[in-house]
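A.B. asks: Generate coordinates for the sequence data below:
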Amino acid sequence: MYLTRFRVNTARPGARRLLSSPQALHAAVMSSFPALLPTAQGDAGGPRVLWRLDHNARAEVFLYVVSPAQPDLTHLVEQAGWPAAAANPETPGWHTRPYGQLLDRLSEGGMWAFRLTANPVHHIRRKDGEPTKATAHITPVHQKKWLLERQERAGFRIIEKPHDQRLLPSGTTLKGHEHHGDRYELTVRDQRPLSFAKSGGPTQAQRRPVSLLTVTYDGRLQVTDPEALRRTLTQGLGKAKAYGCGLMTLAPPVPNAGG
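C.D. replies: From the prediction side, this is the model:
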């Protein structure tokens, strides 16, 4: 497995086109692997190509890719990078490093900072007799709950704050839904509604609209099941993986100011 980071040159027209279309960016990412044919059927239970955009600032956007094979992002450098700088072998335009060392370091009880961009949805039936429909969670309370409901199966638990560091009490919402207040070391930010046309065939009439909502989670976790967490890191978490969702990355935790 490999982890790759590519800084997007947001001043270039090609970059703006890719940033405005998750489908186009997905196609560009998948084109980074010469041995990966578009018609190939991957292992449904194995590692897959995952990607995520981190919008740290207007002109500071990074593309992260986790993949079983090492990518070649030359075409992305040409479209959305700094081609002249990349001509220097010391600054190729992207950085790739083996991911297996980090995966092997995961052990039960280990603590990590994490980031995840996901598509938190639930299935509801609006009217009797209608089929259920995937609907986005739009409030931070429900978005946090979505992740908390998946943490055990994904191989981790989100760390709880000491009681004297919690600023908001837990309780229930006006509609009677449980919320956890400021209990967890978890924030939700960068909510982005995405709408684009997905190609369903060669003609314009076969293009269908796609709408989804993504959010980014930042927090700290403790490993409860190393093997399950490895699957989460290499297979993704949640839906819409083809559109930049599901990739969780880890980093050594920064000590809390309060201890």
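A.B. asks: Pretty sure residue 21 sits against residue 196.
C.D. replies: Yes - with contact defined as C-beta atoms under 8 Å, residue 21 and residue 196 form a contacting pair (5.4 Å). (C-beta placed from N, C-alpha, C; glycine too.)
A.B. asks: so where is this protein shaky, pLDDT-wise?
C.D. replies: When the per-residue scores of the chain are filtered using pLDDT under 70, the ranges that remain are 37-45, 123, 125, 129, 169-179, 181, 199-207, 255-259.
A.B. asks: what about the helices in it?
C.D. replies: Ranges of helices in the chain, per DSSP state H, are 13-19, 22-30, 74-80, 83-86, 100-105, 140-148, 151-154, 226-235.
A.B. asks: okay if I get those helices as a markdown table plus mean neighbour count and distance to residue 127?
C.D. replies: Converted to a markdown table, the helices of the chain look like this (neighbours: other C-beta atoms under 10 Å; distance: least, C-beta to C-beta, whole Å):
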| stretch | mean neighbour count | distance to residue 127 |
| --- | --- | --- |
| helix 13-19 | 16 | 37 |
| helix 22-30 | 19 | 30 |
| helix 74-80 | 19 | 44 |
| helix 83-86 | 13 | 54 |
| helix 100-105 | 13 | 46 |
| helix 140-148 | 18 | 21 |
| helix 151-154 | 16 | 31 |
| helix 226-235 | 19 | 35 |
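A.B. asks: Now tabulate these in TSV and tack on distance to residue 185.
C.D. replies: Converted to TSV, the helices of the chain look like this (distance: least, C-beta to C-beta, whole Å):
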stretch	distance to residue 185
helix 13-19	30
helix 22-30	29
helix 74-80	34
helix 83-86	38
helix 100-105	20
helix 140-148	11
helix 151-154	12
helix 226-235	17
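A.B. asks: Looking at those helices, which is nearest to residue 56?
C.D. replies: Distances from residue 56 to each of the helices of the chain were compared by C-beta to C-beta, and the smallest falls on helix 13-19, at 13.5 Å.
A.B. asks: And the strands in the protein, which stretches?
C.D. replies: 2-8, 50-57, 60-67, 95-98, 111-118, 121-124, 133-136, 156-158, 171-172, 178-179, 186-199, 207-223, 248-251 (DSSP state E).
A.B. asks: Report the angle between the fifth one and strand 186-199.
C.D. replies: Okay, so that is strand 111-118. Inter-element angle recorded for strand 111-118 and strand 186-199: 30 degrees (by axes from the mean of the first three to the mean of the last three C-alpha atoms, to 10 degrees).
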